[in-house]
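# Return a 3D structure for these sequence lines:
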Amino acid sequence: MIKNTLTKVCTSALMIIALVGCKAPSDVAYFQDMYEAQTAAVQAQQEIKVRPDDRLTIIVKSREYLVAEELNLTTQAARVGSGSTGGRSGGSNNMSFYTVDSAGNIEMPVLGTIHVAGMNRSEIAAHVKSKLIENKIVLDPTVSVEYIDMTYSVLGEVKSPGMFNFDRDNLTILQAISKAGDLTITGERTRVSVLRQEGGQQHHYYVDLTDARSLYQSPVYYLQQDDIVYVEPNAKRMRESRPNGNTFNTASFWIGIVSMVASLTSIAVNLAKK
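Residues are numbered from 1 along each chain as shown. Below is the predicted model of the structure:
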């Protein structure tokens, strides 16, 4: 009777250990709700819109070279994302930038105050071009606009956390994570945070990388300047950060279990001999 009971206890303990030790990790793969040939609606592309304190270059080119030259600033500055310094009209490699003021304006030579907040690059270029033609300053202008030092950050459980420059107008959160080397195996894929400043307030969003449909429709699927992507550690990682917290993955735990099972088996054998 005692022998049978102890045998059942030992067997149950070993089964529990096997189940716990062999449990496959869940929520590791992305897009778990998608299958072959399925489609999912994607959030409409959201281009970066200029805000106060953003910096940009505006380059005007025209057959009226001297007038265009007067419109282009000419002090040394790097154009982040272009891989080189800005090109001044007429062949110079020096080009300064405009800083958008708190009212959303910039001050351009000849044109004066230009409101640019809330516009994307192509809209700013079109607006400046129309102002030049409307005021008969340049009749055949070509206007190009570049952003300066426009960044986002990826922090937490990724391989290469840090601050990164935008290299395109429509940057998705997946592309941003890719730039950071992808999530580590201990990154929480179902709860990735995005912090965004909107209307003078800090907004907090969550995205689930395992759920493609909700991810593609998230308002933060396309990132904006100064967004912060934070990948939380999963439960396993948090246990590992505490002393003896990740019990199932420590050698001492398994040694203790083996010792307990051996002791119970020894007791059962000794009782059986009596």
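
# tell me the contacts of Gly181?
158-160 (Cβ atoms under 8 Å, 6 or more residues apart in numbering). The way it works is simple: take the backbone N, C-alpha and C, and place the C-beta from them, glycine included.

# Tell me the secondary structure at it.
Here Gly181 is recorded as coil under DSSP: H, G, I helix; E, B strand; the rest coil.

# pLDDT at it, what is it?
The model reports Gly181 with a pLDDT of 96.

# same check, this time on Met108
Note on Met108: pLDDT of 92.

# Helix or strand: which one has the residue lying closest to it once chain neighbours are set aside?
Sequence neighbours aside, Ile114 is the residue nearest to Met108 in space, at 5.5 Å (criterion: Cβ to Cβ, 6 or more residues apart in numbering). Following DSSP states H and E, the helix or strand that holds Ile114 is strand 112-115.

# Quick check: bridge partners of the nearest residue to Tyr98 once chain neighbours are set aside?
Residue nearest to Tyr98 in three dimensions, not counting chain neighbours: Ile106, with 4.1 Å by Cβ to Cβ, 6+ apart. Applying DSSP bridges to Ile106 gives these bridge partners: Ile114.

# Ile106 contacts Phe97, correct?
No: counting by Cβ atoms under 8 Å, Ile106 sits too far from Phe97 to count as a contact (9.6 Å).

# shared neighbours, the two?
Counting by Cβ under 8 Å, 6+ apart, the residues touching both Ile106 and Phe97 are Leu56.

# Gln32 is in contact with Asp211, correct?
Yes: between Asp211 and Gln32 there is a contact under Cβ under 8 Å: 7.2 Å.

# pLDDT wise, what is Asn244 at?
We note a pLDDT of 57 for Asn244 in this prediction.

# residue ranges of the strands in the stretch 1-150 of the chain, please?
Chain-ordered strands for the stretch 1-150 of the chain, with DSSP state E, counting those that start in this stretch as the definition, fall at 55-61, 78-79, 84-85, 98-99, 105-108, 112-115, 142-148.
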